[in-house]
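[1] the following block contains a protein sequence and its predicted model.
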Amino acid sequence: MPHAQMPIESKSQLVEHLESGNSPDRSTWRIGSEHEKFIFHRTDNSPLTYEGGNGKAGVKDVLNAFVERGWAPVEEDGNIIAAVKDGASITLEPGGQFELSGAPLETIHQTCNETSEHLNASKEIGEELDIGFLGLGFHPTLKRSDVPVMPKGRYDIMRRYMPLKGNLGLDMMLRTCTVQVNIDFASEVDMVEKFRISLALQPLATALFANSPFKEGRPGGFKSLRSNVWTDTDPDRCGMLPFVFEDGMGFERYVDHVLDVPMYFIKRDGKFVDVAGQSFREFMNGKLPQLPGELPTFTDWQDHLTTLFPEVRLKTYMEMRGADGGPWSRLCALPAFWVGLLYDDTAQKAAWGLVKDWSIEEMEQMRDDAPAHGMLTTIRGKTFQELAKEVLSISDLGLKNRAKLSTSGDSEQGFLKSLWETAESGMTPADDLLARFNNDWGGDVTKVFENYSY
């Protein structure tokens, strides 16, 4: 029986699954970058429906254009919903946001080349289909009701369940975009330290990458509206995870947390079964009402792990989830930021030394403040602008120590340039957008489509 289809009969199997991510040999550590973007028709800035029509391209046409360029299609119920190539995948988010999940690569140079190749292909396809791609954290003009929905079974279940748990879950699904990076860990001890560092500094990343100041054509009151949306999405599966900072944190403690986060769905015979609100722990006891007596498989477990949305998410690797989607240079800066902090021993020790005595209350306050205040957020009387300079110095050192050079001899340190500019000026991408809105654009948000598309 394939491992993915093996029944899960004990919690220890789940702990062992997470432990399988341990990579003591750092030469095997890889970097997985992801980014999402909105797609729009250039003629009127309207979103693409899945099917298209009336002479306009649809999202499926975009996916098929990538298939024509060598990507392999992935279908669900006869609809193309994704494409894969060389360890990377292109997928659809609920509102048609277009995501590149990159292959696990060794250097930031490689991840940035992968991103650039993808965006160059996207621009080429954009010329063919008269569409554009926009990197922002929250859609600048659309109302929730204006967003077309993609034909994916899991999203139907999530759309029904989300409003039961928070007021902004549907906004998260339909109107937000992010950029993420996935990183490896050496051991359980290393995982815990990385987890704590990255949770503590995630609010700073939110501020540095804040790029969603608009809502429905006007300033929305936040530098990162996307980040604020997560505060009212679903308290069961979002947030800063205070238990990570408690004694006894490890793989088993995380498994206990995941077991008690309500499920959304399971997949059987190619169909999604709505089990929203049911416990995976009860599923393991054969007490799932929809499938009485049946035990979960590892595929069910892996699917469930993808439905947790904390600021940092643990699988057999760790996902940094605090940043807004953004311009081209920032897509390369995010992996550089975290890899510099967490892939060099000296840098990681310095980062831990910086945050280890922060209280969970202080970190929660930073998380609450960063979406609205950006670089003016404070920790112990220090602004994020000041903190950013300290943290970027540590990240820069880590990248220097890694000594991963491009073919032309450039260090990975150069990818931090846009973040240094923010740290020096105190101006986030959102601040730049608001300044242009109030001055050059004369209060016309639609200018963002022509000025900030890839």
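    Happy to help now that I have it.
[2] distance of Tyr317 from Leu18?
    10 Å (Cβ to Cβ, to the nearest Å). Using the backbone N, CA and C atoms, a C-beta is placed for each residue, glycine as well.
[3] helix or strand: which one has Val181?
    Using DSSP states H and E, Val181 falls within strand 178-183.
[4] pLDDT (mean, whole number) over the helix or strand just after that strand?
    Per DSSP H and E, the first helix or strand lying C-terminal to strand 178-183 is helix 188-208. Here helix 188-208 scores 98 as its mean pLDDT.
[5] cool, stretch 334-345 as well?
    Mean predicted confidence for stretch 334-345 is 98.
[6] same check, this time on stretch 350-358
    In the prediction, stretch 350-358 has an average pLDDT of 98.
[7] so what's the gap between it and the chain middle?
    Relative to the centre of its chain, stretch 350-358 is centred 24 Å away, using Cα atoms, centre = their mean, to the nearest Å.
[8] repeat that for stretch 77-87.
    20 Å.
[9] also stretch 425-439?
    The answer for stretch 425-439 is 23 Å, by Cα atoms, centre = their mean.
[10] now do stretch 145-157
    19 Å.
[11] how long is it end to end?
    18 Å (Cα to Cα, to the nearest Å).
[12] so for that stretch, what's the average pLDDT?
    pLDDT averaged over stretch 145-157 gives 94.
[13] how about it: buried residues?
    147-148, 150-157 (16 or more other Cβ atoms under 10 Å).
[14] could I get these in JSON lines, plus columns for distance to Leu331 and secondary structure?
    What follows is the buried residues of stretch 145-157, written out as JSON lines (distance: Cβ to Cβ, whole Å; DSSP: H, G, I helix; E, B strand; the rest coil):
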{"residue": "Val147", "distance to Leu331": "23", "secondary structure": "coil"}
{"residue": "Pro148", "distance to Leu331": "25", "secondary structure": "coil"}
{"residue": "Met150", "distance to Leu331": "22", "secondary structure": "coil"}
{"residue": "Pro151", "distance to Leu331": "27", "secondary structure": "coil"}
{"residue": "Lys152", "distance to Leu331": "24", "secondary structure": "coil"}
{"residue": "Gly153", "distance to Leu331": "29", "secondary structure": "helix"}
{"residue": "Arg154", "distance to Leu331": "26", "secondary structure": "helix"}
{"residue": "Tyr155", "distance to Leu331": "24", "secondary structure": "helix"}
{"residue": "Asp156", "distance to Leu331": "30", "secondary structure": "helix"}
{"residue": "Ile157", "distance to Leu331": "30", "secondary structure": "helix"}
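[15] just the closest of the residues you listed to Asp369, please.
    Comparing those against Asp369 with Cβ to Cβ picks out Val147 as the nearest, at 28.5 Å.
[16] and that closest one, what is it in contact with?
    47, 95-96, 139, 174-175 (Cβ atoms under 8 Å, 6 or more residues apart in numbering).
[17] from Phe209, how far out is the closest residue to Asn228 other than its chain neighbours?
    Spatial nearest neighbour of Asn228, chain neighbours left out: Pro371 (4.1 Å); criterion: Cβ to Cβ, 6 or more residues apart in numbering. When distance is defined by Cβ to Cβ, Pro371 is 11 Å away from Phe209.
[18] shared neighbours of the two, anything?
    Ser224.
[19] higher neighbour count, these two?
    Phe209 (32 against 27; other Cβ atoms under 10 Å).
[20] was I right about Met172 contacting Val229?
    Yes - between Met172 and Val229 a contact is recorded at 5.0 Å, counting by Cβ atoms under 8 Å.
[21] so who does the closest residue to Val192 other than its chain neighbours touch?
    In space, and not counting its chain neighbours, Val192 is closest to Met249: 5.2 Å by Cβ to Cβ, 6+ apart. By Cβ under 8 Å, 6+ apart, the residues touching Met249 are 192, 195-196, 243.
[22] which one among those residues gets closest to Val391?
    Arg196 (14.6 Å).
[23] the residue nearest to Tyr50 when sequence neighbours are not counted - how many residues pack around it?
    Residue nearest to Tyr50 in three dimensions, not counting chain neighbours: Val59, with 4.9 Å by Cβ to Cβ, 6+ apart. Neighbour count for Val59, taken as other Cβ under 10 Å: 25.
[24] need the three-state assignment for Ala82.
    Following DSSP: H, G, I helix; E, B strand; the rest coil, the label given to Ala82 is strand.
[25] typo on my end, it should be Ile90
    Recorded secondary structure, Ile90: strand (three-state DSSP).
[26] and if you look at the one 10 residues further on?
    Classification of Leu100 by three-state DSSP places it in strand.
[27] OK, contacts around the nearest residue to it once chain neighbours are set aside?
    The shortest distance from Leu100 to any non-neighbouring residue, by Cβ to Cβ, 6+ apart, is to His118 (4.9 Å). Shown in contact with His118 (Cβ under 8 Å, 6+ apart): 88, 90, 100.
[28] ok, the first one touching Glu114?
    In this case it means Ala88. Yes - under the criterion of Cβ under 8 Å, Ala88 makes contact with Glu114 at 6.7 Å.
[29] so what's in contact with the two at the same time?
    100, 102-103.
[30] of the contacts of Met249, closest to Glu450?
    Distances from Glu450 to the contacts of Met249, taken by Cβ to Cβ, are shortest for Phe195, at 41.0 Å.
[31] coming back round to it: would you mind measuring from the residue nearest to Tyr50 to Gly53?
    12 Å.
[32] check Gly353 too.
    58 Å.
[33] more crowded one of these two?
    Higher neighbour count among Gly353 and Gly53: Gly353, with 11 against 8, using other Cβ under 10 Å.
[34] okay, and that one sits in which element?
    Gly353 belongs to helix 345-355, assigned by DSSP H and E.
[35] residues making contact with that helix?
    By Cβ under 8 Å, 6+ apart, helix 345-355 touches 193-194, 196-197, 200-201, 340-342, 390-391, 394-395, 397-398, 401.
[36] with only the CA atoms kept, save that helix in CSV.
    Taking Å, rounded to 0.1, in the frame of the first residue of the first chain, the C-alpha atoms of helix 345-355 are listed here in CSV:
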residue,chain,number,x,y,z
ASP,A,345,24.2,29.4,12.8
THR,A,346,25.8,32.7,13.8
ALA,A,347,22.8,34.7,12.4
GLN,A,348,20.3,32.4,13.9
LYS,A,349,21.9,32.7,17.4
ALA,A,350,21.9,36.5,17.0
ALA,A,351,18.2,36.5,15.9
TRP,A,352,17.2,34.3,18.9
GLY,A,353,19.2,36.5,21.2
LEU,A,354,17.2,39.5,20.0
VAL,A,355,13.8,38.0,20.6
